[in-house]
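need a structure here:
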Amino acid sequence: MSTTSAASSKGFFIVLEGIDGSGKTTMAKKLIEKLNSMGYKTMYTFEPTDSEIVEVIKAKYNEYRDPYIDALTFALDRLIHVKTRIKPLLDKGFIVISDRYFYSSVAYQTASGAPMDWVIELNKWALKPDLAIYLDVEPEIALKRKVAVSSRFPEFERIELMEKVRSIYLDMVKRGLLVMVDASRNIDEVYRDVENFVLSRISSRPIS
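You can find the predicted model right below:
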(Lines give C-alpha, C1' and ligand atoms only; values in the text may rest on other atoms or scores of the structure.)
Protein backbone atom coordinates (compact mmCIF):
# COMPACT_ATOMS: atom_id res chain seq x y z
CA MET A 1 0.00 0.00 0.00
CA SER A 2 2.88 2.36 0.70
CA THR A 3 6.36 2.37 -0.76
CA THR A 4 8.60 3.87 1.93
CA SER A 5 9.27 1.82 5.06
CA ALA A 6 9.99 3.15 8.54
CA ALA A 7 12.42 0.26 8.99
CA SER A 8 15.19 2.38 7.45
CA SER A 9 15.01 4.83 10.38
CA LYS A 10 16.72 4.55 13.76
CA GLY A 11 13.42 4.47 15.62
CA PHE A 12 10.27 2.37 15.50
CA PHE A 13 6.87 3.42 14.17
CA ILE A 14 3.72 1.88 15.68
CA VAL A 15 0.16 2.57 14.56
CA LEU A 16 -3.03 1.72 16.48
CA GLU A 17 -6.22 1.51 14.43
CA GLY A 18 -9.90 0.85 15.05
CA ILE A 19 -13.30 2.49 15.26
CA ASP A 20 -13.85 5.08 17.99
CA GLY A 21 -14.36 3.27 21.28
CA SER A 22 -12.01 0.42 20.42
CA GLY A 23 -9.47 1.53 23.02
CA LYS A 24 -6.70 2.98 20.85
CA THR A 25 -5.85 5.90 23.13
CA THR A 26 -5.91 3.75 26.26
CA MET A 27 -3.59 1.18 24.66
CA ALA A 28 -1.25 3.93 23.44
CA LYS A 29 -0.91 5.46 26.90
CA LYS A 30 -0.23 2.08 28.51
CA LEU A 31 2.37 1.30 25.84
CA ILE A 32 4.09 4.64 26.37
CA GLU A 33 4.28 3.98 30.11
CA LYS A 34 5.70 0.48 29.59
CA LEU A 35 8.26 1.49 26.96
CA ASN A 36 9.40 4.49 29.00
CA SER A 37 9.98 2.17 31.97
CA MET A 38 12.20 0.06 29.71
CA GLY A 39 14.33 3.08 28.83
CA TYR A 40 13.01 3.83 25.34
CA LYS A 41 12.40 7.34 24.08
CA THR A 42 8.73 7.49 23.10
CA MET A 43 6.24 9.94 21.64
CA TYR A 44 2.46 9.73 21.28
CA THR A 45 0.73 11.38 18.34
CA PHE A 46 -2.61 11.12 16.54
CA GLU A 47 -4.45 11.65 13.27
CA PRO A 48 -6.14 13.64 12.00
CA THR A 49 -3.89 16.15 13.75
CA ASP A 50 -5.09 19.48 15.13
CA SER A 51 -3.46 21.33 12.25
CA GLU A 52 -4.95 24.46 10.71
CA ILE A 53 -5.72 22.46 7.57
CA VAL A 54 -8.09 20.11 9.37
CA GLU A 55 -9.62 22.80 11.54
CA VAL A 56 -10.30 25.15 8.58
CA ILE A 57 -12.01 22.43 6.56
CA LYS A 58 -14.14 21.44 9.55
CA ALA A 59 -15.07 25.01 10.43
CA LYS A 60 -15.36 26.76 7.08
CA TYR A 61 -16.29 24.04 4.58
CA ASN A 62 -18.14 21.52 6.73
CA GLU A 63 -21.36 21.73 4.71
CA TYR A 64 -19.44 20.89 1.51
CA ARG A 65 -17.51 17.98 2.96
CA ASP A 66 -17.69 14.59 1.31
CA PRO A 67 -15.37 11.54 1.33
CA TYR A 68 -13.21 13.03 -1.44
CA ILE A 69 -12.65 16.31 0.40
CA ASP A 70 -11.99 14.42 3.63
CA ALA A 71 -9.53 12.04 1.96
CA LEU A 72 -7.60 14.92 0.38
CA THR A 73 -7.64 16.94 3.61
CA PHE A 74 -6.41 14.07 5.75
CA ALA A 75 -3.76 13.06 3.19
CA LEU A 76 -2.28 16.59 3.22
CA ASP A 77 -2.49 16.71 7.01
CA ARG A 78 -0.71 13.33 7.09
CA LEU A 79 2.07 14.47 4.75
CA ILE A 80 2.84 17.43 6.99
CA HIS A 81 2.55 15.21 10.08
CA VAL A 82 5.07 12.70 8.71
CA LYS A 83 7.56 15.30 7.49
CA THR A 84 7.46 17.63 10.51
CA ARG A 85 6.89 15.24 13.41
CA ILE A 86 6.96 11.49 12.78
CA LYS A 87 10.06 11.19 10.56
CA PRO A 88 12.25 13.59 12.58
CA LEU A 89 11.45 11.68 15.78
CA LEU A 90 12.14 8.30 14.15
CA ASP A 91 15.47 9.62 12.90
CA LYS A 92 16.34 10.50 16.51
CA GLY A 93 15.63 6.95 17.66
CA PHE A 94 12.18 7.47 19.17
CA ILE A 95 9.41 4.91 19.28
CA VAL A 96 6.49 6.84 17.78
CA ILE A 97 2.98 5.60 18.53
CA SER A 98 0.26 7.08 16.33
CA ASP A 99 -3.42 6.89 17.23
CA ARG A 100 -4.70 6.37 13.64
CA TYR A 101 -2.82 6.70 10.34
CA PHE A 102 -3.58 6.18 6.64
CA TYR A 103 -5.49 2.96 7.35
CA SER A 104 -8.19 5.17 8.89
CA SER A 105 -8.52 7.10 5.63
CA VAL A 106 -8.85 3.85 3.71
CA ALA A 107 -11.51 2.58 6.12
CA TYR A 108 -13.55 5.73 6.73
CA GLN A 109 -13.43 7.48 3.39
CA THR A 110 -14.05 4.23 1.51
CA ALA A 111 -16.99 3.44 3.80
CA SER A 112 -18.28 6.97 3.13
CA GLY A 113 -18.26 6.50 -0.64
CA ALA A 114 -14.81 7.18 -2.09
CA PRO A 115 -13.22 4.41 -4.22
CA MET A 116 -10.86 2.33 -2.09
CA ASP A 117 -8.17 2.18 -4.81
CA TRP A 118 -8.21 5.97 -5.10
CA VAL A 119 -7.79 6.48 -1.33
CA ILE A 120 -4.94 3.96 -1.32
CA GLU A 121 -3.25 5.68 -4.26
CA LEU A 122 -3.64 9.05 -2.55
CA ASN A 123 -1.70 7.72 0.43
CA LYS A 124 0.81 5.58 -1.46
CA TRP A 125 3.67 7.86 -0.47
CA ALA A 126 2.96 7.44 3.25
CA LEU A 127 5.67 6.01 5.48
CA LYS A 128 4.93 2.35 6.19
CA PRO A 129 4.79 1.60 9.94
CA ASP A 130 6.96 -1.07 11.54
CA LEU A 131 3.80 -2.39 13.19
CA ALA A 132 0.14 -1.57 12.60
CA ILE A 133 -2.40 -3.05 15.04
CA TYR A 134 -6.14 -3.12 14.49
CA LEU A 135 -8.27 -3.24 17.66
CA ASP A 136 -11.44 -5.04 16.65
CA VAL A 137 -14.73 -4.43 18.42
CA GLU A 138 -18.36 -4.44 17.32
CA PRO A 139 -19.82 -0.93 16.80
CA GLU A 140 -22.52 -1.46 19.44
CA ILE A 141 -19.90 -2.12 22.10
CA ALA A 142 -17.74 0.78 20.95
CA LEU A 143 -20.62 3.27 21.09
CA LYS A 144 -21.54 2.19 24.62
CA ARG A 145 -17.98 2.86 25.71
CA LYS A 146 -18.11 6.38 24.25
CA VAL A 147 -21.38 7.51 25.83
CA ALA A 148 -19.66 10.02 28.14
CA VAL A 149 -16.79 10.89 25.81
CA SER A 150 -17.00 13.71 23.27
CA SER A 151 -15.72 13.16 19.73
CA ARG A 152 -13.89 15.45 17.30
CA PHE A 153 -15.71 13.78 14.41
CA PRO A 154 -19.20 12.72 15.57
CA GLU A 155 -20.32 12.44 11.95
CA PHE A 156 -18.33 9.19 11.71
CA GLU A 157 -20.10 7.57 14.66
CA ARG A 158 -23.29 6.40 12.94
CA ILE A 159 -23.80 2.69 13.50
CA GLU A 160 -24.32 1.91 9.80
CA LEU A 161 -21.11 3.67 8.82
CA MET A 162 -19.15 2.07 11.65
CA GLU A 163 -20.21 -1.37 10.48
CA LYS A 164 -18.90 -0.60 6.99
CA VAL A 165 -15.68 0.79 8.46
CA ARG A 166 -15.18 -2.35 10.52
CA SER A 167 -15.66 -4.58 7.48
CA ILE A 168 -12.97 -2.63 5.59
CA TYR A 169 -10.57 -2.90 8.51
CA LEU A 170 -11.17 -6.66 8.60
CA ASP A 171 -10.44 -6.80 4.88
CA MET A 172 -7.12 -5.03 5.48
CA VAL A 173 -6.33 -7.62 8.16
CA LYS A 174 -6.97 -10.40 5.61
CA ARG A 175 -4.63 -8.61 3.19
CA GLY A 176 -1.89 -8.65 5.82
CA LEU A 177 -1.82 -4.86 6.20
CA LEU A 178 -2.83 -4.95 9.87
CA VAL A 179 -2.53 -7.43 12.73
CA MET A 180 -5.72 -7.85 14.74
CA VAL A 181 -6.37 -7.88 18.47
CA ASP A 182 -9.79 -8.70 19.90
CA ALA A 183 -10.67 -5.46 21.71
CA SER A 184 -14.06 -6.60 23.01
CA ARG A 185 -12.38 -8.06 26.12
CA ASN A 186 -11.31 -6.28 29.30
CA ILE A 187 -8.48 -3.73 29.13
CA ASP A 188 -5.83 -5.95 30.70
CA GLU A 189 -6.42 -8.80 28.26
CA VAL A 190 -6.37 -6.50 25.26
CA TYR A 191 -3.24 -4.72 26.44
CA ARG A 192 -1.41 -7.99 27.06
CA ASP A 193 -1.82 -8.95 23.40
CA VAL A 194 -0.90 -5.47 22.16
CA GLU A 195 2.22 -5.39 24.33
CA ASN A 196 3.25 -8.86 23.14
CA PHE A 197 3.03 -7.77 19.50
CA VAL A 198 5.02 -4.61 20.19
CA LEU A 199 7.80 -6.13 22.28
CA SER A 200 8.27 -9.06 19.92
CA ARG A 201 8.66 -6.72 16.92
CA ILE A 202 10.99 -4.36 18.76
CA SER A 203 13.20 -7.23 19.90
CA SER A 204 13.46 -8.47 16.32
CA ARG A 205 14.72 -5.06 15.14
CA PRO A 206 16.82 -3.33 17.83
CA ILE A 207 16.40 0.44 18.00
CA SER A 208 19.51 2.59 17.78
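
Start and end of stretch 32-41, how far apart?
With Cα to Cα, to the nearest Å as the measure, stretch 32-41 spans 9 Å from end to end.

mind checking pLDDT for residue 105?
Looking at residue 105, its pLDDT reads 98.

host element of the residue nearest to it when sequence neighbours are not counted?
Closest residue to residue 105 apart from its sequence neighbours, by Cβ to Cβ, 6 or more residues apart in numbering: residue 74 at 5.1 Å. Using the backbone N, CA and C atoms, a C-beta is placed for each residue, glycine as well. For residue 74, the element it lies in under DSSP states H and E is helix 67-81.

residues making contact with that helix?
Helix 67-81 is contacted from outside by 45, 47-49, 51, 53-54, 57, 61, 101-102, 104-105, 108-110, 112-114, 118-119, 122-123, 125-126, using Cβ atoms under 8 Å, 6 or more residues apart in numbering.

Check those residues for burial and list the buried ones.
45, 47-49, 51, 53-54, 57, 101-102, 104-105, 108-110, 112, 114, 119, 122-123, 126 (16 or more other Cβ atoms under 10 Å).

sorry, back to before: now go through the contacts of helix 67-81 and say which are in helices.
Among those, the residues falling in helices (DSSP state H) are 53-54, 57, 102, 104-105, 108-110, 118-119, 122.

Farthest pair within those residues?
For the ones in helices among the contacts of helix 67-81, the maximum inter-member distance is 21.0 Å, found between 53 and 110 (Cβ to Cβ).

Who is the residue lying closest to residue 101 once chain neighbours are set aside paired with across the strands?
Closest residue to residue 101 apart from its sequence neighbours, by Cβ to Cβ, 6+ apart: residue 15 at 4.3 Å. Beta-bridge partners recorded for residue 15 (DSSP bridges): residue 98, residue 132.
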